[in-house]
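> Build me a structure from this.
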Amino acid sequence: MLVRTLAIRDPIEAVGRLQGLPNLTFLDSAMEHATLGRFSFLAADPFATFRIEGGAGYWNDEQVAVGGRESLRVLKEKLALYHQASVPGLPPFQGGAAGYFAYDFGRDLERLPTPETLQPGVPSVLLHFYDVVLAWDHREAKAWLVSTGWPETDAVRREARAEERAAAFMTRLATDPVETGSGRGTAPLTWTSNFTRPEYEAIIARTVEYILAGDIFQANIAQRFSAPLPPDFDAFAYYRRLRKRNAATFAAWLDYGPLKIASSSPERFVQVYDGRVETRPIKGTIRRSPHPLEDMNLAQVLLASEKDRAENVMIVDLLRNDLSRVCKPHTVHVPALCGLESYATVHHLVSVVSGVLEDELDVVDLIGAAFPGGSITGAPKIRAMEIITELEKIERGVYCGSIGYLGFDGAADTNIAIRTVSFVGGEAIVFGGGGITALSVPADEYDETIVKASRVLQTFEPEEPR
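Numbering: from 1, shown residues only. Reported below is the predicted structural model:
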């Protein structure tokens, strides 16, 4: 493995210089935080791609599996082909697979109904295998390029490839940024939802009926906003604005050709490091105020909310159960319950659930046991997902799925893809949702979806002339 120190301290500058390379993945800690926002990673031009589409798994477009469970087995085997030890002192992603698991991958894992409306152009899983990774440690103000030499397995050829690839990337980083669009990341878009307000409130009322009937304890119900884009719209310019206006610890920019994803997620799905697992479910949200005293009072209202705390605790119990399926006995615990985290437009209640993986299991087994994240399904998970499909009637795509990396050394970190825009088929697609319990008020739940989606939608709006 070859390591080079980078002079570029701002990762967004490096993204601009690598724009134009195929299948670029930028995992962006855009919000400063001592631990959650410490690292950012950038990779492009992968040596292989693994995807799941139409229920089948593909390796470089060759079908290699049928069904979600079989596809995960193949993914596990492919990651093992390139197993490597990590270099101490560097950020944790040092080569591996990165990309996303769409929410709808849940249908490949479990027997679930198919939505009435599908989202073309969005595979269930899309993971690119990268031999070169750029990594930033924001706390230490340092950056590196790591070149592994994969997929060469012969030691001499692998070393030569690592040198060649590192040189190519360093040359690219020394050139001017590539212009890939108009540079215009704003446009006066016309947004439409798949629900009117009365329709959305009606499906919330129906969800409460399911809860009172004993079908579920809670479910996460969302509405979908979409708008056609002008032909010259620059999605990367939009992402640059989003990361400033709605900075988040688990943000991401994925440029996969006809599919582009801009995420400003504050939520971790699962992290694996040295065999330890952590998940950080968000349940409980309230708007922020520009007035400090009112903002502090709103935070206290959230902390005292019986409905929000009950919702959070139910999902913590679900995730404890999910992690117990793959973790060693008596290692799953809750080091933080209903803590307050604050972002640009909202306060959240966040808990932490952790455990230690069984020795023979890895992050792929963890994903098979815990995907999709319980915070964006409900409990019990399978029945909640059935009700979500019945009421929403539409594929979610990447929204409420997971974006992140699976390292060749076994380390992994992934988000819950909320506050996320999909650019596909000439449209921008944004979802906003919330957890529904027996105490939910339909009108309030509708308003919450608007609050959650507002900063993402407002970022499309052109600046007012001064």
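
> Return the distance of the worst-scoring helix or strand of the chain on mean pLDDT from the chain's centre.
The weakest-scoring helix or strand in the chain, judged by mean pLDDT, DSSP states H and E, is strand 282-287 (a mean of 89). For strand 282-287, the separation from the chain centroid amounts to 18 Å (computed by C-alpha atoms, centre = their mean, to the nearest Å).

> repeat for stretch 429-437
Remark: stretch 429-437 is offset 15 Å from the chain centroid, using C-alpha atoms, centre = their mean.

> Same check on stretch 244-261?
Counting by C-alpha atoms, centre = their mean, stretch 244-261 comes out at 9 Å from the chain centroid.

> same check, this time on stretch 34-51
On C-alpha atoms, centre = their mean, the centre of stretch 34-51 falls 12 Å from the chain's centre.

> Could you pull up the residues touching Gly373?
Residues counted as contacts of Gly373 (C-beta atoms under 8 Å, 6 or more residues apart in numbering) are Glu267, Phe269, Val270, Thr279, Pro281, Leu319, Cys400, Ser402, Ile416. The way it works is simple: take the backbone N, C-alpha and C, and place the C-beta from them, glycine included.

> okay, now the residue lying closest to the fifth one once chain neighbours are set aside: neighbour count?
The shortest distance from Pro281 to any residue that is not its chain neighbour, by C-beta to C-beta, 6 or more residues apart in numbering, is 3.9 Å, and that residue is Ser375. The burial metric for Ser375, expressed as a neighbour count using other C-beta atoms under 10 Å, is 27.

> Give the phi and psi angles for Ser375, as a check.
phi -70, psi -20 (degrees, to the nearest 10).

> Residue numbering should commence at 42 henceforth.
From this message on, residue numbering opens at 42, which makes the last subject Ser416.

> follow-up on the earlier one: closest one of the contacts of Gly414 to Pro132?
Checking the contacts of Gly414 against Pro132 with C-beta to C-beta, the nearest one is Val311 at 17.8 Å.

> Point me to the helix or strand that includes the closest one.
Using DSSP states H and E, Val311 sits in strand 309-314.

> Count the neighbours of the closest residue to His169 other than its chain neighbours for me.
Counting by C-beta to C-beta, 6+ apart, His169 lies nearest to Pro87, which is 3.7 Å off, once chain neighbours are set aside. By other C-beta under 10 Å, 22 other residues sit near Pro87.

> ok so, going back, who touches the residue nearest to Pro322 in this structure?
With contacts defined as C-beta under 8 Å, 6+ apart, Ser416 is in contact with Asn261, Glu308, Pro322, Ile323, Lys324, Ile356, Leu360, Ile457, Gly476.

> Please repeat the previous calculation with a cut-off of 7 Å.
Glu308, Pro322, Ile323, Lys324, Ile356, Ile457 (C-beta atoms under 7 Å, 6 or more residues apart in numbering).

> In ChimeraX, how would I select just the buried ones from those?
Those of the contacts of Ser416 that count as buried under 16 or more other C-beta atoms under 10 Å are selected in ChimeraX with:
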select :308,322,323,324,356,457
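
> of the contacts of Ser416, closest to Ile408?
Among the contacts of Ser416, Ile457 lies closest to Ile408 (C-beta to C-beta), at 12.7 Å.

> any idea how far Phe170 is from that closest one?
Distance, Ile457 to Phe170, using C-beta to C-beta, to the nearest Å: 23 Å.

> thinking again about what came up before, could you check the angle strand 323-328 makes with the strand holding Val311?
Angle of strand 309-314 versus strand 323-328, following axes from the mean of the first three to the mean of the last three C-alpha atoms, to 10 degrees, is 130 degrees.

> So which bits of strand 309-314 are buried?
Neighbour counts over strand 309-314 (16+ other C-beta under 10 Å) mark Arg309, Phe310, Val311, Gln312, Val313 as buried.

> now do stretch 232-252
Ser234, Asn235, Phe236, Tyr241, Glu242, Ile244, Ile245, Thr248, Val249, Tyr251, Ile252.

> tell me which of the residues you listed is nearest to Val462?
Nearest to Val462 among those, counting by C-beta to C-beta, is Ser234 at 14.9 Å.

> surely the closest one meets Phe266?
Yes: under the criterion of C-beta atoms under 7 Å, Ser234 is in contact with Phe266, at a separation of 5.4 Å.

> Sketch out the low-pLDDT regions of the chain for me.
219-223, 505-507 (pLDDT under 70).

> residue ranges of the helices in it, please?
For the chain, the helices defined by DSSP state H occupy 52-59, 109-122, 147-150, 196-214, 238-253, 276-286, 333-345, 347-365, 404-411, 422-433, 483-499.

> Nearest to Gly467, out of those helices?
For these, proximity to Gly467 was assessed by C-beta to C-beta; helix 276-286 is nearest, at 11.5 Å.

> The closest one vs helix 483-499, what angle?
Using the same axes, to 10 degrees: helix 276-286 against helix 483-499 is 120 degrees.

> Show residues contacting helix 276-286.
53, 60, 69, 71, 221-222, 224-226, 292, 294, 296, 301, 303, 305, 385, 464, 496-497, 500-501.

> Going through those, which ones are buried?
Among these, those that count as buried by neighbour count (16+ other C-beta under 10 Å) are 53, 60, 69, 71, 226, 292, 294, 296, 301, 303, 305, 464, 496-497, 500-501.

> what's the most distant pair in those?
Gln60 and Arg496 (24.3 Å).

> before we move on, the earlier item: I figured the residue nearest to His169 hits Val173, correct?
No: when contacts are counted by C-beta under 7 Å, Pro87 is not listed as touching Val173 (9.1 Å).

> wait, what's in contact with His389?
Pro307, Ile323, Gly325, Thr326, Glu382.

> Contacts only, for the closest residue to Asp315 other than its chain neighbours.
In this structure, Asp315 finds its nearest non-sequential neighbour in Ala452, 8.0 Å apart by C-beta to C-beta, 6+ apart. Residues in contact with Ala452 (C-beta under 7 Å, 6+ apart) are Ser127, Pro133, Phe134, Val313, Tyr314.

> The last one against Pro132, yeah?
So the one you mean is Tyr314. No: taking C-beta under 7 Å as the definition, Tyr314 is not a contact partner of Pro132, at 11.1 Å.

> re earlier: could you tell me which of the buried ones among the contacts of helix 276-286 belong to strands?
Taking DSSP state E, the ones among those that sit in strands are Asp69, Ala292, Trp294, Asp296, Lys301, Ala303, Ser305, Phe464.
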